[in-house]
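K.L.:
Task: produce atomic coordinates for the following.
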Amino acid sequence: MSSLWTPGGEHRVPREPSEPAGREGEEEGAGPADLSDLPGYDELTPDQREQAEALARELTEARQRIAETPASEVVANHVMGLYELAAIHLSGQPPALAEAQVAIDAMAAVVTALPGRLGVNEKTLRDALQQLQMAFVQLKAADEAGAEEPRAQGGPEPDGGDAEDTTDATGAGDPAD
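P.N.:
Residues are numbered from 1 along each chain as shown. Presented below is the predicted three-dimensional model:
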């Protein structure tokens, strides 16, 4: 018996008929919808049993589809998830640069570690990474320029201090002096 983690929690998945037998509590040839050996199965209502068996079938089918899909496509899909995560953090107001940087670095780690192994998606992934990196640099530069601007215009000190600056941007003293 194996398990599959989903955002809704961990689900036990009956073993495939091709998996080796001999694990305690499992019968030889138990199909994906045979959940009767699971603890608590007898306590389920008929509707709950039907739902559990349907979920087990769906999970088995999903595992089969994943097994039939080239790994390069699955990895590319996950890398695009990192792309979207970075884009979400970059598009926030204000942008969450530190969070975006983690996602961008993770995406770069995968893309640069697998040259020539990401199939037809490789160029798209490299281009997407480059776009994110450029957007990050531009937003970081704008953020740093914005952080320096209030001091140059006599705004509050960066540490939140109450020091008064009586000079304007040209360096002249306060006209009220």
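K.L.:
When you work out contacts or count neighbours from here on, use the C-alpha atoms and nothing else.
P.N.:
Fine.
K.L.:
list the helices and strands the host helix or strand of Leu90 packs on?
P.N.:
Secondary structure from DSSP states H and E places Leu90 in helix 71-91. On a contact count with 3 or more Cα pairs under 8 Å, 6 or more residues apart in numbering; DSSP states H and E, helix 71-91 meets helix 97-113, helix 122-152.
K.L.:
Would you convert these into TSV that also reports distance to Ala54, mean neighbour count and mean pLDDT?
P.N.:
What follows is the helices and strands packed on helix 71-91, written out as TSV (distance: least, Cα to Cα, whole Å; neighbours: other Cα atoms under 10 Å; pLDDT from 0 to 100):
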stretch	distance to Ala54	mean neighbour count	mean pLDDT
helix 97-113	35	17	98
helix 122-152	36	15	89
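K.L.:
Confirm that Pro95 sits in a strand.
P.N.:
No - applying DSSP: H, G, I helix; E, B strand; the rest coil, one finds Pro95 to be coil, outside a strand.
K.L.:
ok, now how distant is it from Thr69?
P.N.:
Distance of Pro95 to Thr69, given as Cα to Cα, to the nearest Å: 36 Å.
K.L.:
which of those two has more neighbours?
P.N.:
Pro95 (17 against 11; other Cα atoms under 10 Å).
K.L.:
The residue nearest to the more buried one when sequence neighbours are not counted: what's it in contact with?
P.N.:
Closest residue to Pro95 apart from its sequence neighbours, by Cα to Cα, 6 or more residues apart in numbering: His89 at 5.8 Å. Residues in contact with His89 (Cα atoms under 8 Å, 6 or more residues apart in numbering) are Pro95, Ala96, Leu97, Glu99, Ala100.
K.L.:
and with 6 Å instead?
P.N.:
By Cα atoms under 6 Å, 6 or more residues apart in numbering, the contact set of His89 is Pro95, Ala96, Ala100.
K.L.:
tell me which of those residues is nearest to Val74?
P.N.:
Comparing those against Val74 with Cα to Cα places Ala100 closest, at 22.1 Å.
K.L.:
Quick check: that closest one touching Ala87?
P.N.:
No - with contact defined as Cα atoms under 6 Å, Ala100 does not count as touching Ala87 (7.2 Å).
K.L.:
What residues sit buried inside the helix holding Leu90?
P.N.:
Across helix 71-91, burial judged by 16 or more other Cα atoms under 10 Å covers 72-73, 76, 79-80, 82-87, 89-90.
K.L.:
Go through these and say which is closest to Asp42.
P.N.:
Glu73 (40.3 Å).
K.L.:
tell me the pLDDT at the closest one?
P.N.:
pLDDT recorded at Glu73 is 93.
K.L.:
Same check on the one 10 residues further on?
P.N.:
Reading off the confidence values, Tyr83 has pLDDT 98.
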